[in-house]
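K.L.:
what follows is a predicted structure for the sequence shown.
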Amino acid sequence: MDEATCELTRTWLIKARTDLGAARKLASGPEAYLDVAIYHCQQAAEKAIKGFLTFHGQRFEKVHNLPVLVTQAVALEPTFSAWLDAAERLTPYATLFRYPGDVLEPEPGEFTQSLTDAEQFVPELARSETGQSGSAFILGLLPQAVHPI
């Protein structure tokens with residue numbers, strides 16, 4: 001594996017982790033912004049999957065459709081199929097609350113589910129930041145050399 005691919009993979013995973021952290025921060029406190037937070041959940045999962053695909057030299061379209069990306073990942077790693085339902089749930093949040101519409105913000109339970117779904121894909125955040133460790137699914141499939149620092 002060349003260093004440029006390792007660095008690009010690492011960057012995708014760092015961005016995924018940052019999006020997940022942003023979602024958590026935006027959803028906390030009395031003035032939570034759940035519409036923006038839920039968008040970052042979708043983005044976190046998308047970037048983590050794209051990091052996995054990048055590591056394996058797989059080209060992907062510039063899409064926000066997570067089932068498409070998960071299906072592409074399944075061809076490389078069959079265990080990704082377990083995350084297809086989460087991908088289906090997260091995909092609409094790429095645009096659903098980003099623009100004016102009938103519903104401006106998700107329900108708190110809807111956000112909670114999206115955060116749980118995103119955590120399935122995204123590399124662990126530091127235990128000290130969240131008080132708990134997240135999923136290491138994708139990190140477990142990639143060598144230590146590409147893990148975010």
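P.N.:
Received the coordinates, thanks.

K.L.:
and the top helix by length along the chain, how far from the chain's centre?
P.N.:
Longest among the helix segments of the chain by residue count, using DSSP state H, is helix 3-26. Helix 3-26 sits 9 Å away from the centroid of its parent chain (C-alpha atoms, centre = their mean, to the nearest Å).

K.L.:
same deal with stretch 46-66?
P.N.:
The mean C-alpha position of stretch 46-66 is separated from the chain mean by 11 Å, C-alpha atoms, centre = their mean.

K.L.:
just the CA trace of it, in CSV.
P.N.:
Extracted as CSV, the C-alpha positions of stretch 46-66 are listed here (Å, rounded to 0.1, in the frame of the first residue of the first chain):
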residue,chain,number,x,y,z
GLU,A,46,-20.5,8.3,4.3
LYS,A,47,-16.9,9.4,4.9
ALA,A,48,-16.0,6.3,6.9
ILE,A,49,-17.3,4.0,4.1
LYS,A,50,-15.4,6.1,1.5
GLY,A,51,-12.3,5.7,3.6
PHE,A,52,-12.6,1.9,3.5
LEU,A,53,-13.2,2.0,-0.2
THR,A,54,-10.2,4.3,-0.7
PHE,A,55,-7.9,1.9,1.1
HIS,A,56,-9.0,-0.9,-1.2
GLY,A,57,-8.4,1.3,-4.3
GLN,A,58,-12.1,1.3,-5.2
ARG,A,59,-13.4,4.3,-7.1
PHE,A,60,-16.8,5.6,-6.0
GLU,A,61,-19.2,8.1,-7.3
LYS,A,62,-19.7,11.4,-5.5
VAL,A,63,-23.0,10.2,-4.0
HIS,A,64,-24.7,10.5,-0.6
ASN,A,65,-26.5,7.2,-1.2
LEU,A,66,-25.1,5.0,1.6
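
K.L.:
give the buried residues for that stretch.
P.N.:
Across stretch 46-66, burial judged by 16 or more other C-beta atoms under 10 Å covers 46-56, 64, 66. From N, CA and C alone the C-beta is placed, and that goes for glycine too.

K.L.:
done for today, thanks.
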